[in-house]
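# missing the sequence, but the structure's below:
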């Protein structure tokens, strides 16, 4: 399945039914969604310059008094900057996925939403009253 994804190298380390979590430094059960998340983490680190310590995966949040878990949150200068929702490659990125990540963002107020299934990547930016679709993830800039 790794070859089907739209991410440049490096690829996550996979052994049998396990995948290496570069953030948690531990082996996780191999799932299609986890493969996408680990590819995204490596892409952000190696190609966009985000340090691993600036990323948090699968943290619990409360949305309308219901516990949820976001897939990946990326910080810039200790401020939440990109909220990512990862889906398995066979899951279509559609309005339901956008609604899901937007609901999470109601409590987090992150300026960029990222939705990916490893094949398609969508980025929505919120700046003041302006909303726009981005064509790529902004590079890490420690000065901002």
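Arrived safely, thanks for sending. All figures in this text were calculated on a predicted structure; none of them were measured in a lab.
# what are the ranges of the helices in this protein?
Ranges of helices in the chain, per DSSP state H, are 32-46, 95-108.
# In terms of secondary structure, what does the helix or strand of the chain with the lowest mean pLDDT contact?
Lowest by mean pLDDT, DSSP states H and E among the helices and strands of the chain is strand 60-63, with a mean of 76. Using 3 or more Cβ pairs under 8 Å, 6 or more residues apart in numbering; DSSP states H and E, the elements in contact with strand 60-63 are strand 66-69, helix 95-108. All C-beta spots, glycine's among them, are computed from the backbone N, C-alpha and C.
# Make a markdown table out of these and add distance to residue 85, mean neighbour count and mean pLDDT.
Formatted as a markdown table, the helices and strands packed on strand 60-63 follow (distance: least, Cβ to Cβ, whole Å; neighbours: other Cβ atoms under 10 Å; pLDDT from 0 to 100):
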| stretch | distance to residue 85 | mean neighbour count | mean pLDDT |
| --- | --- | --- | --- |
| strand 66-69 | 11 | 10 | 80 |
| helix 95-108 | 4 | 15 | 91 |
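# Select, out of these, the one closest to residue 83.
In terms of Cβ to Cβ, the element of the helices and strands packed on strand 60-63 nearest to residue 83 is helix 95-108, at 5.6 Å.
# Just the buried residues of the least confident helix or strand of the chain, please?
Using 16 or more other Cβ atoms under 10 Å as the test for burial, strand 60-63 gives residue 61.
# for stretch 51-64, same thing?
Result for stretch 51-64 [16+ other Cβ under 10 Å]: buried residues 54, 55, 57, 58, 61.
# again, but for stretch 117-132
117, 118, 119, 121, 122, 123, 124.
# how distant is it from the center of its chain?
Distance, stretch centre to chain centre, for stretch 117-132: 12 Å (Cα atoms, centre = their mean, to the nearest Å).
# got the end-to-end distance for that stretch?
20 Å (Cα to Cα, to the nearest Å).
# just stretch 116-136 next, same as before
Start-to-end, stretch 116-136 (Cα to Cα) is 12 Å.
# Pull the residues that contact that stretch.
4-7, 35-36, 39-40, 84-93, 98, 111-115, 137 (Cβ atoms under 8 Å, 6 or more residues apart in numbering).
# Tell me where the protein has strands.
14-15, 18-21, 26-29, 55-57, 60-63, 66-69, 72-76, 79-86, 112-116, 121-127, 130-134 (DSSP state E).
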